[in-house]
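Q: Predicted model and sequence below, questions to follow.
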Amino acid sequence: MGAPGGHTRSSAHAAWQPPWLGRRLCLRHRGHENSPKSSWVELWGDNRLRCHLPHIDRHLGDRLEQLVRRLGDFLPDRPPSALLHGDLWGGNILFNDVIISGLIDPAAYYGHREVDLAMLSLFDNPPVAFYEACGLKEGWRGRRPIYRLWPLLVHARLFGDSYVRKASACLGEIGF
């Protein structure tokens, strides 16, 4: 999925209009709303960011809300849809020597392919050649902190303050 050459198929169903309407998405044993939205920006804002507001401190929440109000300035409204792993990090990638032999523990859904790559770079450090091989659109580095926020906020709820600081740093990277 996140590997070069992956994310090449798209679905007639975009993440903002999933074929599994009404089903909840689980990431790290937390259920997340995955209800359909009219755009990718709306889905990311409501189902991935605002959903954490009741669980985080007010200062971080205010900054997050400011970002969500301007999310359309940063993210594409309708990016090409790709099947995402949803929890892509090195521990969920199986290797046979130097070949990727499988991906485990998915929280799969359709969405912007940059999400998996942002998650992968949270805990791992793929080489520059990896990103070059992915053929990402201009501006992907600027979108990466926004896409890192969702897993960081999930981890903050599960594991505490160190992830709150990382989420705050991502907001700072994009001026919030």
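A: Thanks, I have the structure now.

Q: Now stretch 161-176: average pLDDT?
A: Per-residue pLDDT over stretch 161-176 has a mean of 97.

Q: Same question for stretch 130-142.
A: 93.

Q: Can you mark which positions in it are buried?
A: Under the neighbour-count criterion of 16 or more other CB atoms under 10 Å, stretch 130-142 has 130-131, 134, 136, 140 buried. C-betas here are computed from N, CA, C, even on glycine.

Q: how far out from the middle of the chain is it?
A: Here the centre of stretch 130-142 is set off from its chain's centre by 15 Å, with CA atoms, centre = their mean, to the nearest Å.

Q: for it, how far is the first residue from the last?
A: Criterion CA to CA, to the nearest Å; first-to-last residue distance in stretch 130-142 is 17 Å.

Q: Is the nearest residue to H52 once chain neighbours are set aside within a helix or a strand, and which one?
A: Nearest non-adjacent residue to H52, counting by CB to CB, 6 or more residues apart in numbering: L153, 4.2 Å away. Using DSSP states H and E, L153 sits in helix 140-159.

Q: next one: F130
A: Per DSSP H and E: F130 is located in helix 128-134.

Q: roughly how far out does that helix sit from the chain middle?
A: With CA atoms, centre = their mean, you get 18 Å for helix 128-134.

Q: now swap in stretch 67-79 and tell me
A: 13 Å.

Q: Quick check: end-to-end length of it?
A: With CA to CA, one end of stretch 67-79 sits 19 Å from the other.

Q: Show residues contacting it.
A: 14, 16, 39-41, 44-46, 49-50, 111-114, 142-143, 146, 149, 171, 174, 176 (CB atoms under 8 Å, 6 or more residues apart in numbering).
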